[in-house]
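Colleague: sequence? don't have it. structure:
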């Protein structure tokens, strides 16, 4: 995957590679407890091909098994709002430090039962997850509250 700012194509390639994995490797990726556990799973490296196994890629693959991509689908915040996630649980994500923030987010995705999201939008959020200059977590929270009363 490229090192440039535009990762859109790379995000979709990653999603498509995941979809092509057999059920066993997909299950291995889904069962990991925390992002660093991926470093011991062969399927993780199959997804990466020539990309480096950095924290950004770990975050993406950690969340990937728990969503369904839908082109022009919901943003992450909207999907969580539609799933009627308790706002206190989302605040736990926002206030937590790495890796607990992602572990909590993954629990919300599980609770949401494979939400249909626009993977490209979500991947951008996860890719930039801990960049304070982009305020990714705050934007997720705002998106959640703006869509909290959206019907399913």
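Modeller: Here it is on my side, so go on. Predicted model only: the values in this text are computed from it and were never measured.

Colleague: going forward, measure contacts and count neighbours with C-alpha atoms only.
Modeller: Will do.

Colleague: give me phi/psi at residue 33?
Modeller: Dihedral pair for residue 33: phi -90, psi -30, per degrees, to the nearest 10.

Colleague: Just give me the neighbour total for it.
Modeller: By other CA atoms under 10 Å, 12 other residues sit near residue 33.

Colleague: check contacts around it.
Modeller: Contacts for residue 33 (CA atoms under 8 Å, 6 or more residues apart in numbering) come out as residue 103.

Colleague: go on, the one 3 residues further on?
Modeller: With CA under 8 Å, 6+ apart as the criterion, the residues that contact residue 36 are residue 58.

Colleague: ok, now how distant is it from residue 22?
Modeller: Look at residue 36 and residue 22: by CA to CA, to the nearest Å, they are 22 Å apart.

Colleague: Taking the centroid of the protein, which residue is nearest it?
Modeller: Most central in the chain under CA atoms, centre = their mean is residue 63, positioned 3.7 Å from the mean C-alpha point.

Colleague: And for that one, nearest residue in space, chain neighbours not counted?
Modeller: residue 106 (6.1 Å; CA to CA, 6 or more residues apart in numbering).

Colleague: can you map out the strands along the chain?
Modeller: Taking DSSP state E, the strands of the chain run over residues 68-74, 116-117.

Colleague: in the longest one, what counts as buried?
Modeller: Residues of strand 68-74 classed as buried under the neighbour-count rule (16 or more other CA atoms under 10 Å) are 68, 69, 73, 74.

Colleague: Count the residues that sit near the residue lying closest to the last one once chain neighbours are set aside.
Modeller: Beyond its immediate neighbours in the sequence, the residue positioned closest to residue 74 (CA to CA, 6+ apart) is residue 117, lying 4.5 Å away. Residue 117 is surrounded by 22 other residues when neighbours are defined as other CA under 10 Å.

Colleague: Could you report the separation of the residue nearest to residue 63 from residue 80?
Modeller: Taking CA to CA, one finds residue 106 at 11 Å from residue 80.

Colleague: Neighbour count: those two, which is higher?
Modeller: residue 80 (28 against 22).

Colleague: Spit out the contact partners of that one.
Modeller: Contacts here follow CA under 8 Å, 6+ apart; on that basis residue 80 touches 108, 109, 112, 115, 144.

Colleague: Perfect, I'm done here.
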